[in-house]
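> Mind looking at a prediction? Sequence and model below.
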Amino acid sequence: MTFANEFVIGIHAKFLGITENNILQFEYDARMTMYLLMGAFKLGLMLFFFIPWLVLRLGRTSKAVS
């Protein structure tokens, strides 16, 4: 996303038929969509990996001392 941002947006704009008049708005919308999807990915990662791992890690019962 950092290095090929303009290239990828340009390819999508050509594929979708975005005109030169609307390219600035399309670039803005594409960037916002990328950040939204990155945020959703991070939230999904936390919900489906980190929280269950934390529950399993902290929910261990100590062994009974005989």
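Received the coordinates, thanks.
> What residues of the longest helix seen in the chain count as buried?
Identified as the longest helix of the chain according to DSSP state H is helix 23-45. For helix 23-45, burial by neighbour count (16 or more other Cβ atoms under 10 Å) applies to 26-27, 30. C-betas here are computed from N, CA, C, even on glycine.
> Which element is encountered next along the chain beyond it?
As assigned by DSSP states H and E, the chain's next helix or strand after helix 23-45 is helix 51-58.
> Could you check how far that following helix is from the centre of its chain?
Using Cα atoms, centre = their mean, to the nearest Å, the mean C-alpha position of helix 51-58 is found 23 Å from that of the whole chain.
> And it, what's buried?
Of the residues in helix 51-58, none count as buried by neighbour count, 16+ other Cβ under 10 Å.
> again with stretch 9-21
9-10, 13, 18.
> can I get the residues you listed in TSV with secondary structure, pLDDT and distance to Tyr35?
Converted to TSV, those look like this (DSSP: H, G, I helix; E, B strand; the rest coil; pLDDT from 0 to 100; distance: Cβ to Cβ, whole Å):
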residue	secondary structure	pLDDT	distance to Tyr35
Ile9	helix	84	13
Gly10	helix	86	19
Ala13	helix	88	18
Ile18	coil	88	19
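> Can you tell me which of those comes closest to Gly44?
Ile9 (24.2 Å; Cβ to Cβ).
> could you check the distance from that closest one over to Lys42?
Distance of Ile9 to Lys42, computed by Cβ to Cβ, to the nearest Å: 22 Å.
> Against Gly17, how distant is Phe26?
Separation of Phe26 from Gly17 (Cβ to Cβ): 10 Å.
> Over to Phe49?
39 Å.
> The helix or strand bottoming out on mean pLDDT in the chain to helix 23-45, inter-axis angle?
Taking mean pLDDT, DSSP states H and E as the measure, the helix or strand of the chain with the lowest value is helix 5-16, at a mean of 85. Between the axis of helix 5-16 and that of helix 23-45 there is an angle of 110 degrees, by axes from the mean of the first three to the mean of the last three Cα atoms, to 10 degrees.
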